[in-house]
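Asks: Got a predicted structure plus its sequence, pasted below:
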Amino acid sequence: MPFLSQVFPGEGKPGRWNGGTGAGDGRANTGPTVCAGRALTCVSVGRYRGPLGFVGPHGVGGQKVGRLASAYGQAVTAHRLARERLDLARRLLAALGPAAPSATELVARLARLGGRLAAPASGATPATEDPVPVRIGEATTLDGGFPVLVPLGGGCHLTVDADARDLRVGELLRTVVLRLLAAAPAGTVRVAGIDTVAFGATFLPLRPLLDAGVLRPAATTVADVAALLDEAERHARAAQQAAPADRELLVLVAAAAPPPREAARLAALTHAGASAAVCVLLAGHPPAGPGEAPPSGAATAVRLLQRYAHVGDPPGHPFSADGSGLAAPVVLDGDLPPDTVAALAARLGPAARRDTPPAFADLLPTARWTESSASGLSTVVGRADRRAVTVAFDDATPHWLVAGRTGAGKTVFLLDVLYGLAARYAPAELQLWLLDFKEGVSFTEFVPTDRDPSWLPHARAVGIESDREYGLAVLRELRRELDRRAGVLKRHGVTKLADLPADARMPRVVAVVDEFQVLLAGTDALAREAVDLLEELARKGRSYGMHLVLASQATTGIESLYGRAEAIFGQFPLRVALAGGGGVLDPRDDAASALPTGAAVLNTAAGAFGAGTVVRFPDAYGARDELARLRQELWRARPADNRPPAVFRGYAAARLEDDPAFAALRPGGGHPVALVGRTVDVAGSAASFTLDATPGRHLAVVGAAPVGADVLRAAALSLARQHAPGDARFLLAPLAEAGAGAAESTGANLAAAGHPVERLDAAALRDRLADLAGAGPPGKRTYLVLFGADAATAALARPDPATFRSGHDDLRALLRDGSGRGVHVLGWWRGLPRLAEDLGGAHHRDDVACLVALNVPAAELGLHLGVPALAYQPRADRALLVDRHDQRTLLIVPFAGGGEG
């Protein structure tokens, strides 16, 4: 022992102790005993028989005794020093307080402390900021047991080396989830499961949480897992940019290790830190080998043994000093009772449902029209997790691209945006131009109707079931507005709308085109011009405060955009992908494939992969009463000079009596004009022909549709309104049964207005044509109105026995020369070949310069007009107006109705 080496320096072996003065006399001597520590060494002073025999007090023997005496002295000194140190240690221990507790008392203290920490304390610090202590089992020792708690959330995670095929793993995961939910404030934790080994069975006992909206359906396939990790990564990025109070903890529970690529992504989330607001519970995770770094981030590792589990050191709160983990076996907890799960789901359900779409009122500001659009427009559109999401029209996101399949909620999303903007910005700050190309009434909300005469004061032009021609007219109008604004900016020496002085400030324009692919369909001249205008507006609109929103079910396969799609869509940084609308995102991003109705992916990086945020938005249609109140409130607050928007209702028939141009007609206003319909343009202006003395100023309405008779009626009544009573005469020939009602109504209205009316049958028409063709200038302007001119073909074809002239000869002479004498023919022919024959062939087509074509095939009409590639598609309630003198070809909505009068 060490002490012996001090007492006997240089002695390698002990000898034998003998008493007496001689060798081997057997008498025992006694001497003082020296004790040091726990080793007791006795040294007796006397004769010593060593290996060489007895040595006396002199000589060699004396020297030995001297050395023994010296060692004895050293031993006494060492003993005295040890006693002093022992006394000092006792005094120090007394100064420190009571003696250290026993192992039994220590275990009891741990049990009491663990019980208090493991008790749920709902309403405490959110798990996104600080870890929450969660019990996983009980440690066992010879002196009793105590709960084992591990930190979760706040950047801390949990791994288990076995997967859910071991029943203990499923029980542990479910219990940890329930205790974490119970310990965190309600509404701050959302759970998503991955179960590729049991097809979701691991999470079946947690079904009440699924029904409450706290737990989402488990991902069971590789594609499901990849989609879930996409969402988790988006959640992490959004959380890192949000304030801590706005973060929601996403708990990813993997019942088994996913494939290597997905496992690496899951492990990366464990390294993201507390700001990512993600907590990973990963089963089937292999433990680190000796000397290896843990394969996951800040995670507590649990290793299952045959009967117990070993719990490693939690991150930041180690159980051991050497990294060995808890030095006690742990019995893991089993499933909690089903009643506990149901009660927890009932408590968390209301808070979880707050993450469902917000109410429409949540999108609106507390005060109306208080914001300035000088630097841009912004509005709340919905909620991501528990935070409001704002979208903007500004320099960063000047234009938006919105996509989603039918029923995904595009129209609802647009209504939410438009009402949110209208509530924040006054009409002097914002103008809306709205186009809807689908068969619906998306934007009827914003225009006056018979049921509600109010309108949205910001709306300037609204197209409901718009025609392509109307859409093109709107784009042309926007192009003119862009040029006007460019001039204003040049005059003030600035390059952006935001730099204009306050007295020159102009409202920002938001133009929404729903189902824009209809406008760009085909490769005709209209589509090509529309593409050119869209590209110019997209490139220049940012600087001039003009913003575009293009919405569609799909943005691919549009023929007119081949080779130009990237140049146009590249100007649209904000992409909104609803369910089925992933075409506006990066091809690798399938976040929109499984979205529910009322949810959308918002991506402000032109669809870049992984840059989107899933947003829930309210159903505006479900808040009809609130919409009506808001619209009435804004309408009552409109400026005094605010006018109703120009409205194009593509589904509605046009009526002469409703047209403001008809109401404005007065006698003596110059050359009379015949109103035949409403032009498909932004202003909804009347479609008309001027009937002056120029040869050929006659009107032919062509087509089998009965609306042809109504067009004649409208033309005759509008002409009559421009003459004083008795200044014009009207000759009405109801030749076809289909036009009898319109002819009767026309005659009654003309007579009521004081104009002379003469009714002609086919025979009387034959005679009257001869008079009109041969007479000189009449005393008053004359209008010959033929309702079904082709029905008189047989009567007009017979020649006069005396002069050999037919009725057709007189008709052709009247068409050629009549307008110069104040006689105009207004006729409805039910077939274009019959009209051509009555005119005398194609070389006489200019004898009727004014043409309204109804349901006439485009090829046939083009052949008659000498335009081989005429871009016209016959359809109901539309007509093509052709004025050969003015070189006008316009799509119009023909006047209909009125025949019952």
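Replies: Right, received. Where do you want to start?

Asks: just for the stretch 1-150 of the chain, where's the confidence low?
Replies: 1-64, 93, 96-129 (pLDDT under 70).

Asks: swap that for the chain, sorry
Replies: Applying pLDDT under 70 to the chain flags residues 1-64, 93, 96-129, 288-297, 351-357, 385-386, 440-441, 775-779, 898-901.

Asks: so what are the domain limits for it?
Replies: Per the record, the chain has its domains at 2-96, 111-353, 388-636, 656-894, by automatic domain parsing.

Asks: mind listing the strands in the stretch 101-250 of the chain by residue range?
Replies: Taking DSSP state E, counting those that start in this stretch to define them, one finds strands in the stretch 101-250 of the chain at 132-141, 144-152, 157-160, 189-194, 215-219, 249-254.

Asks: Also the stretch 801-901 of the chain?
Replies: Going by DSSP E, counting those that start in this stretch, the stretch 801-901 of the chain shows strands at 823-829, 850-853, 879-883, 888-894.

Asks: Now tabulate these in a markdown table and tack on distance to Asp817 and mean neighbour count.
Replies: Where C-beta positions appear, they are placed from N, C-alpha and C, glycine not excepted. Converted to a markdown table, the strands of the stretch 801-901 of the chain look like this (distance: least, C-beta to C-beta, whole Å; neighbours: other C-beta atoms under 10 Å):
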| stretch | distance to Asp817 | mean neighbour count |
| --- | --- | --- |
| strand 823-829 | 9 | 27 |
| strand 850-853 | 16 | 26 |
| strand 879-883 | 20 | 23 |
| strand 888-894 | 24 | 20 |
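
Asks: Surely Ala388 touches Val380?
Replies: Yes - counting by C-beta atoms under 8 Å, Ala388 touches Val380, with 5.0 Å between them.

Asks: Of these two, which one has the most company?
Replies: Set Ala388 next to Val380 and count neighbours by other C-beta atoms under 10 Å: Val380 wins out with 19 against 14.

Asks: same for the helix or strand that that one is a member of, what does it pack against?
Replies: Using DSSP states H and E, the element containing Val380 is strand 377-384. Where contact means 3 or more C-beta pairs under 8 Å, 6 or more residues apart in numbering; DSSP states H and E, strand 377-384 is packed against strand 387-393, helix 410-424, strand 612-616.

Asks: Give me the contacts around it.
Replies: Applying C-beta atoms under 8 Å, 6 or more residues apart in numbering, the external contacts of strand 377-384 come out as 238, 355, 357-358, 362-363, 388-394, 413, 416-417, 420-421, 424-425, 430, 508, 510, 547, 600, 602, 613-618.

Asks: picking up where we left off before, list the residues that contact both of Ala388 and Val380?
Replies: Common contacts of Ala388 and Val380, defined by C-beta under 8 Å, 6+ apart, comprise Asp362.

Asks: hang on, the earlier thing: can you tell me which of the domains of the chain is nearest to Arg368?
Replies: For the domains of the chain, the distance to Arg368 is smallest for domain 388-636, at 5.7 Å, taking C-beta to C-beta.

Asks: so how far is that closest one off the chain centroid?
Replies: Counting by C-alpha atoms, centre = their mean, to the nearest Å, domain 388-636 is centred 14 Å from the centre of its parent chain.

Asks: repeat for stretch 753-770
Replies: Here the centre of stretch 753-770 is set off from its chain's centre by 66 Å, with C-alpha atoms, centre = their mean.

Asks: Just confirm Thr221 contacts Thr196, I think it does.
Replies: Yes - using C-beta under 8 Å, Thr221 makes contact with Thr196 at a distance of 7.4 Å.

Asks: higher neighbour count, these two?
Replies: Shown here are Thr221 and Thr196; by other C-beta under 10 Å, Thr196 has more neighbours (23 against 10).

Asks: Spell out for me which residue occupies the centre of this protein.
Replies: What sits nearest the mean C-alpha location of the chain, by C-alpha atoms, centre = their mean, is Ala600, with 2.9 Å.

Asks: That residue reaches Val576, doesn't it?
Replies: Yes - contact criterion C-beta under 8 Å: Ala600 and Val576 qualify, at 5.3 Å.

Asks: Quickly list what's touching both of the two.
Replies: Common neighbours of Ala600 and Val576, using C-beta under 8 Å, 6+ apart, are 404, 413.

Asks: quick one on the thing from earlier: between the domains of the chain, which one is closest to Val647.
Replies: Proximity to Val647 (C-beta to C-beta) singles out domain 388-636 among these, at 4.7 Å.
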